[in-house]
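Participant: for reference, the sequence and a predicted model appear below.
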Amino acid sequence: MRLDMDLSAAAGYRSPSQCARRLTENWFASAMYCPACPSPSLKQSQNSTPVVDFVCPECGSEYQLKSKAGTLGPRLRDAAYEPMIARARANQSPHFAFLGYEPKSCRVRDLILVPGHFITPEVIEPCKPLSPTSRRAGWTGCNILAVLIPQDGRLAAILEGRIMSPEDVRLVCRQF
């Protein structure tokens, strides 16, 4: 597994947030394996699939990738509130992958995996709806309150630039 992101993945994009999304999703798609089974890869879901970014082609496990420049903090921005809270209330949250990266070097620093059963309604915080004058007026996003996820629900696949072996990651995943 390499830690450098492929800068060509963001070619043609101008928005910093879109560039970051393209870089991190491309890295995850090319570098990540399924922590839940022996599959060496994950497949990206179709654009605009609510709550799910990647799916394991072998076991069907679903993953949502959330990325942040710099160090991962206690609160991580997610996507739309309603679909996420609905999945959490139904005990159908996808597994999460929280990726921290260095923006100047475009290098992955941390990748923390959280099994879906730790993503409960209590860790999902609604954001203030967008103003009536905005392009997507009324849309409500959410944050994942990582600080409320128990420490034993966080599994480091990469920690401070150090890559954990897939075998070790899968071994811990089986204990959940």
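Facilitator: Perfect, I can see it now. Numbers count the residues shown, from 1 in each chain.

Participant: and the gap between the residue lying farthest from the centre of the chain and Arg77?
Facilitator: No residue in the chain sits farther from the centre than Thr133, which is 29.8 Å out by CA atoms, centre = their mean. To Arg77, Thr133 is 22 Å away according to CB to CB, to the nearest Å. No exception for glycine: its C-beta is placed from N, CA and C like everyone else's.

Participant: Asp53 too?
Facilitator: Counting by CB to CB - Asp53 and Arg77 are separated by 14 Å.

Participant: between the two, which one's more packed in?
Facilitator: For the pair Asp53 and Arg77, the greater number of neighbours falls to Asp53 (23 against 13), based on other CB atoms under 10 Å.

Participant: could I get the full set of helices for the protein?
Facilitator: Assigned helices in the chain, in chain order: 16-31, 81-89, 166-174 (criterion: DSSP state H).

Participant: what's next to stretch 114-127, contact-wise?
Facilitator: Stretch 114-127 has contacts (CB atoms under 8 Å, 6 or more residues apart in numbering) with 62, 75, 78, 81, 84-85, 88-89, 91-98, 140-146, 148-150, 153-155, 173, 176.
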